[in-house]
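Peer 1: Prediction below, plus the sequence it came from.
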Amino acid sequence: MTEKQLIFLILLIWSIPSTYFRSKFRKIVYQTDDWKINIQPLFKKEILGLFGNMYPDNKDYLKTRNYYRIYLVIYIALFIIYKLN
């Protein structure tokens, strides 16, 4: 297995929890438990919630947002490493 293949495999494995993080984050941002929120495209409110502070008193939102941010940073770093190899 080459280094590029290994990084690709790590990238695939790392992408598995993305549905969980995004679903949980979107449900908080849009304040809904409807499953259809998971299949809708990216919206402005989601971006504002990710980079801003929509609900400063909601500890679940802050915790989920921060975990999602960390997850996305690592995902982007893995993707960049993959593309540079």
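Peer 2: Here it is on my side, so go on.
Peer 1: This protein: helices as residue ranges?
Peer 2: For the chain, the helices identified by DSSP state H occupy 3-15, 18-29, 44-51, 59-84, in order along the chain.
Peer 1: what about those, which gets the closest to Ile37?
Peer 2: Minimum separation from Ile37 across the helices of the chain (CB to CB) falls at helix 18-29, 4.9 Å. For every residue, glycine as well, the C-beta is placed using N, CA and C.
Peer 1: and the closest one, what does it pack onto?
Peer 2: In terms of contacts (3 or more CB pairs under 8 Å, 6 or more residues apart in numbering; DSSP states H and E), helix 18-29 is packed against helix 44-51, helix 59-84.
Peer 1: check contacts around Leu62.
Peer 2: Contacts for Leu62 (CB atoms under 8 Å, 6 or more residues apart in numbering) come out as 53, 55-56.
Peer 1: can you check Phe8 too?
Peer 2: Tyr82.
Peer 1: Which pLDDT value goes with it?
Peer 2: Predicted confidence (pLDDT) at Phe8: the value is 93.
Peer 1: What distance do you get for it to Arg22?
Peer 2: The span separating Phe8 from Arg22 equals 21 Å under the rule CB to CB, to the nearest Å.
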